[in-house]
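Colleague: What follows is a predicted protein model with its sequence.
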Amino acid sequence: MEEHIKNGNPKLHVHTHVPLYHTITYYTVHTIHSALYQTLRSMLDIIDVMQTTTSSFDVRKLYNRPILEINQLNTQQYLELYTHKQRVSTDSNTIKSAMLLQSERGSWRGGLRHRSHCSSPKIASPDSVTPVVRSISSTSSETESGSDDESFSVVTREGAKKEVACDSKVVYEFGGPVGVTALMFGFPILMSYMFICLALHQGRLPNPLELEFWQHGIPAITPTARATAIYLMFTLFQYITAATLPGIKVLGLPVPSLGGKQLEYLCNGVATWYFDLVLVAVLHNTGVFPITAVVDEIGPIMSVAMIWAIIVTIATYIVGCVSGRTHRMSGSVPYDIFMGAVLNPRIGNVDLKMWSEIRIPWKILFFISLSAAVKDHEINVARRYEAGLSPEIWSLFGGLIRMNAIQTSAPLLFMLLAHCLYVNACMKGEECIPTTWDIFYEKWGYMLIFWNLAGVPFSYCYSTLYLLNRSVANDPVEHTRFFMTVLFVILLAAYYHGNKLLTGGWWGVARKIHYTADLIMALSWGLVTGFDSYIPYFYVTFFTVVLIHRVGRDHIHCKEKYGADFDSTADKSPTSSFHSFSDQL
């Protein structure tokens, strides 16, 4: 048969039929296997780094080394790495590999560059990568002529000046003081309104100006003692694990306001993530804390989170002003409260800004989906008993998928997988977070505090809550097996990412190609709920607006910092992830 194939025999046809549900199983198993493999590899890298001594530094030892080891270099070692004559002249591919490693890390020491904000920790934005590649390549020829140190120091000093100028510049965003004041009052009201619509009106949008709407809705979101205990104990537990569990230590970018000091970050997200999963399983199966309590108290927990976020915002602003550790203040109190007063707030060895961005929102989001999936399972099992049917009987009707004795709707399993993949990626990629725009530049104010402690977990879960409420009302969302298969494939395809390139591959197609994957995943979260309510599509709508703002912000910042280099990058990759928006920006 191989001979026929080689000769291109048209009479030979091999027909292979693979059922659609096999596709779901294959991609699911492949994703789990990949996640376990990457976790094991990360653990081995951590051990490798711990065993690496820094007393004697040899550039040649860094060939094909993992990114975790590249992270440990100081400024002088970076200069040696990129100006080493022998490596530039004998192995051009190695320097490309080194630049790719550094683009993942998001940091060029000595003020050369800093990474633009990424929506996902898995992929770095290329906007600020290519200008550096050009700077390096432009000095490579000078390196061979013996002027490498001088030319590199000139580039470094110029980059440092631009870094300080950008770091100290105050630019009003979001409509200035008036706009941010409206946002600070509007976000809690909007979240309360949309939750009441989901909980009491099956996702419909009644008139919020009617007094009756709030009279019936407020009891559903009134904080309770149990909800307060759940949220605050979870938050405290996340801080304790972040401070105590083992992990790698990563240096952030040089902070201009601290004289170029690089802060150290303990990245133990993977350890805390799996520790959380084991602990939740134990608490649920022993009856100490059933995971379904989360969705049972979801409204009150949301209110507690919003109140707590406001308290933390005000306390952080006051402490920053009293201690004199404010940074880049505008002089407008509402605007400074919204944007923040403190750049790098810490308690012990925990950076509160990074901790609140990674540990709180995405884990809560996953546990909400897990709680809803378990609740849906319990509801379906109870209904089968009432109907005189054994829960062991597998029914293809009602959109149910039976995996052993699991009776959870396929859409809810989809949301559980989606949120599991997202939080797993966040935890695995935590070492890339210290060099992102949020950590390096943004201050810790209402914008980051409220959105991470309350906004993300309790507004990105609308699809999950909508599906669960439909199930509770005995009107579950149903889809064909083909439609669900397509959604699973789209989700897994959007989650997968290959090698990071600069101006070639996908980065050559669009400068914000990673945003495209995020938008596809966000859209799939809405599509799985059907089209009977707009609320599940809030996430993709809001996310699109945020990305438009990010694209414009990154474009302006990179243009100011890199000038002609950025124009050259834009010429090579002129399209953003959504072409029509990038043209307007």
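Modeller: Structure's in. What do you need? Numbers count the residues shown, from 1 in each chain.
Colleague: helix/strand/coil for residue 249?
Modeller: strand (DSSP: H, G, I helix; E, B strand; the rest coil).
Colleague: and residue 213, what does it touch?
Modeller: Applying C-beta atoms under 8 Å, 6 or more residues apart in numbering, we find residue 213 in contact with 196, 206, 207. Placement of C-beta: from N, CA and C, glycine included.
Colleague: Can you select the buried ones among these for me in PyMOL?
Modeller: Selection of the buried residues among those in PyMOL, burial being defined by 16 or more other C-beta atoms under 10 Å:
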select buried, resi 196
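Colleague: Among the contacts of residue 213, name the ones in helices.
Modeller: Filtering these for membership in helices, criterion DSSP state H, returns residue 196.
Colleague: Can you tell me which of the contacts of residue 213 is closest to residue 529?
Modeller: residue 196 (17.8 Å; C-beta to C-beta).
Colleague: How much space separates that closest one from residue 190?
Modeller: According to C-beta to C-beta, to the nearest Å, residue 196 and residue 190 sit 11 Å apart.
Colleague: Likewise for residue 295?
Modeller: From residue 295 to residue 190 the distance is 21 Å (C-beta to C-beta).
Colleague: Comparing these two, which residue is more hemmed in?
Modeller: residue 295 (25 against 16; other C-beta atoms under 10 Å).
Colleague: isn't that one right next to residue 467, touching?
Modeller: No. Contact status for residue 295 versus residue 467: not in contact, 11.2 Å apart, counting by C-beta atoms under 8 Å.
Colleague: Are there residues contacting both of these two? Which ones?
Modeller: residue 372.
Colleague: And the strands in the stretch 101-250 of the chain?
Modeller: Taking DSSP state E, counting those that start in this stretch as the criterion, the stretch 101-250 of the chain carries its strands at 107-108, 113-114, 248-251.
Colleague: Next, the buried residues of the helix or strand just after the last one.
Modeller: Proceeding C-terminally, strand 248-251 gives way to strand 264-267 as the next helix or strand, assigned by DSSP states H and E. Applying a neighbour-count criterion of 16+ other C-beta under 10 Å, the buried positions in strand 264-267 are 265, 266, 267.
Colleague: Read off the pLDDT value for the closest residue to the first one other than its chain neighbours.
Modeller: Right, the one you point to is residue 265. In space, and not counting its chain neighbours, residue 265 is closest to residue 434: 4.4 Å by C-beta to C-beta, 6 or more residues apart in numbering. Per-residue confidence (pLDDT) for residue 434: 92.
Colleague: residue contacts, residue 434?
Modeller: Listed by C-beta under 8 Å, 6+ apart, the contact set of residue 434 reads 250, 251, 252, 253, 263, 265, 267, 351, 354.
Colleague: which regions of the stretch 101-250 of the chain lie under the pLDDT threshold?
Modeller: 101-170 (pLDDT under 70).
Colleague: Stretch 454-470 spans what distance, first to last residue?
Modeller: End-to-end span of stretch 454-470 (C-alpha to C-alpha, to the nearest Å): 24 Å.
Colleague: Give me the neighbour count for residue 464.
Modeller: Residue 464, neighbours per other C-beta under 10 Å, totals 32.
Colleague: how about the contacts of residue 434, which pair is most distant?
Modeller: Maximum pairwise distance among the contacts of residue 434 (C-beta to C-beta): 14.9 Å, between 253 and 267.
Colleague: now the contacts of residue 434 in JSON lines, with distance to residue 494?
Modeller: Formatted as JSON lines, the contacts of residue 434 follow (distance: C-beta to C-beta, whole Å):
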{"residue": "250", "distance to residue 494": "27"}
{"residue": "251", "distance to residue 494": "32"}
{"residue": "252", "distance to residue 494": "29"}
{"residue": "253", "distance to residue 494": "29"}
{"residue": "263", "distance to residue 494": "33"}
{"residue": "265", "distance to residue 494": "28"}
{"residue": "267", "distance to residue 494": "25"}
{"residue": "351", "distance to residue 494": "30"}
{"residue": "354", "distance to residue 494": "25"}
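Colleague: Of those residues, just the buried ones, PyMOL syntax please.
Modeller: Buried members of those, defined by 16+ other C-beta under 10 Å, are picked up in PyMOL with:
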select buried, resi 250+251+252+253+263+265+267+351+354
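Colleague: Can you tell me which of the contacts of residue 434 is nearest residue 219?
Modeller: Within the contacts of residue 434, the smallest distance to residue 219 is 36.6 Å, found for residue 354 (C-beta to C-beta).
Colleague: Can you verify my assumption that that closest one contacts residue 265?
Modeller: Yes. Here residue 354 reaches residue 265: they are 6.2 Å apart, a contact under C-beta under 8 Å.
Colleague: Which residues belonging to stretch 293-305 are considered buried?
Modeller: In stretch 293-305, counting by 16+ other C-beta under 10 Å, buried: 293, 294, 295, 297, 298, 299, 300, 301, 302, 303, 304, 305.
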